[in-house]
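**Q** model the structure of this input:
(one chain, ligands or ions: 1)
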Amino acid sequence: MEQQHEVDRGTPPLTQGDHQGDPVDGDAVRRPAGGRESSRASRGWWDRNADEYQNDHGDFLGDARFVWGPEGLDESTACLLGPAEQLHGLDVLEVGAGAAQCSRWLAARGARPVALDLSHRQLQHALRIGDGQGGGLAFPLVEADARALPFADGSFDLACSAYGAIPFVADPERVFAEVARVLRPGGRWVFSLTHPLRWALADEPGTEGLTVLASYFDRTPYVEQDAAGRTVYVEHHRTLGDRVRELVGAGFRLDDVVEPEWPEWNQQVWGGWSPLRGRLIPGTAIFVCTRA
Ligand SMILES: C[S@@+](CC[C@H](N)C(=O)[O-])C[C@H]1O[C@@H](n2cnc3c(N)ncnc32)[C@H](O)[C@@H]1O
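**A** Just a heads-up that it's a prediction; the model follows:
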């Protein structure tokens, strides 16, 4: 991740100039961005910024932990995927896996994860970390777009994503349909992303981040473009209600929406996520669904 970007797990769209770093020789705007355009931009951005992302956040994420977001909610205690002892033997798809920290945690519990990401460089970090104990990787890495999953119907018992792919795609209903397709009936789909409420606020960790700057209802994508107008980074916003409708429309039952509270032990600032804001407003939303 480039130093001038503090967006890491997603920067809520703000008015131009409020973003914590402008693209080199370009600008940040709110304008439409299509499906292929968004994927192309994400691939490039994450390839260029994977080294910095892993350098800055690798310790917090842990090589083999499953952390749902900057609050530090850990799957070991949250059990949103179900009881850990029941993960053994399950086929699990991790969408937008980055360096596959969550898949490593799953593999250590006897699950059979497949870690999928659009970014070649992120997956190279997965190879670098290996099994976290000096060995190779005991599960596959797949370089692909979550909008077109390269798996047969009904391949997985469980699918999960910690801030992977969903905030970056123009057509999340397409990703949800793909996840539903590759899940077996009754399979769980659990994913986290920036809490939609944050999109209305300044993306700042301090008190300035408590001010409403934009409409929560404005779904216009946040786009960073270079001097030639080419899209180099995109995030897509949906309201909470939009997410519910997308999931139900793709054939999921929504079982829970978890809004992790900021814990006392966590003193880190991660982009716009901070103890100050975290104690007052939700920063992450985790959707727990079941394929009908
Ligand atoms: C904020 S990172 C999260 C990575 C990892 N889950 C973690 O917690 O560190 C977002 C990841 O989503 C991936 N991504 C973005 N768009 C994607 C897409 N359309 N398909 C698959 N992966 C995508 C990026 O390459 C990046 O690795």
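**Q** for I281, which non-adjacent residue is spatially closest?
**A** Of all residues not flanking I281 in the chain, L197 sits nearest, at 6.2 Å (CB to CB, 6 or more residues apart in numbering). Any C-beta I mention is one placed from the backbone N, CA and C, and that applies to glycine too.
**Q** what residues of the helix ranked longest in the chain count as buried?
**A** If you go by DSSP state H, the chain has its longest helix at helix 35-61. Residues 37-46, 48-50, 53-54, 56-57, 61 are the ones in helix 35-61 that count as buried (16 or more other CB atoms under 10 Å).
**Q** packing partners for that helix?
**A** Where contact means 3 or more CB pairs under 8 Å, 6 or more residues apart in numbering; DSSP states H and E, helix 35-61 is packed against helix 120-129, strand 231-235.
**Q** and the ones you listed, which is most packed in?
**A** Neighbour counts (mean count of other CB atoms under 10 Å) averaged over each of those peak at strand 231-235, with a mean of 23.
**Q** CA atoms only: put that strand into PDB for me.
**A** Provided in PDB are the C-alpha atoms of strand 231-235 (Å, rounded to 0.1, in the frame of the first residue of the first chain):
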ATOM      1  CA  THR A 231      -9.300   4.400 -12.600                       C
ATOM      2  CA  VAL A 232      -6.600   3.300 -10.200                       C
ATOM      3  CA  TYR A 233      -8.600   2.600  -7.000                       C
ATOM      4  CA  VAL A 234     -12.300   2.100  -6.500                       C
ATOM      5  CA  GLU A 235     -14.700   1.400  -3.600                       C
END
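**Q** give me the distance from it to the chain's centre.
**A** Relative to its parent chain, strand 231-235 has a centroid offset of 15 Å by CA atoms, centre = their mean, to the nearest Å.
**Q** parallel or antiparallel, which strands does that strand pair with?
**A** Next to strand 231-235 in the sheet, as set by DSSP bridges, lie strand 222-225 (antiparallel).
**Q** and the strand it pairs with, how far out from the chain middle?
**A** 18 Å.
**Q** follow-up on the earlier one: just put the helices and strands packed on helix 35-61 in a markdown table and tack on mean pLDDT and distance to the ligand.
**A** Output for the helices and strands packed on helix 35-61, formatted as a markdown table (pLDDT from 0 to 100; distance: least, CB to the nearest ligand atom, whole Å):
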| stretch | mean pLDDT | distance to the ligand |
| --- | --- | --- |
| helix 120-129 | 98 | 4 |
| strand 231-235 | 97 | 9 |
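**Q** show me what contacts the closest residue to P205 other than its chain neighbours?
**A** Once flanking residues are discounted, P205 sits nearest to S274: 3.4 Å by CB to CB, 6+ apart. Residues near S274 by CB atoms under 8 Å, 6 or more residues apart in numbering: 205-206, 209.
**Q** can you check D256 too?
**A** 80, 286-288.
**Q** just put these in a markdown table and tack on neighbour count.
**A** Below are the contacts of D256 laid out as a markdown table (neighbours: other CB atoms under 10 Å):
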| residue | neighbour count |
| --- | --- |
| L80 | 19 |
| I286 | 24 |
| F287 | 24 |
| V288 | 20 |
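**Q** biggest separation within those residues, which pair?
**A** Spatial extent of the contacts of D256 (CB to CB) is set by the pair L80 and F287 at 9.6 Å.
**Q** all set, thanks.
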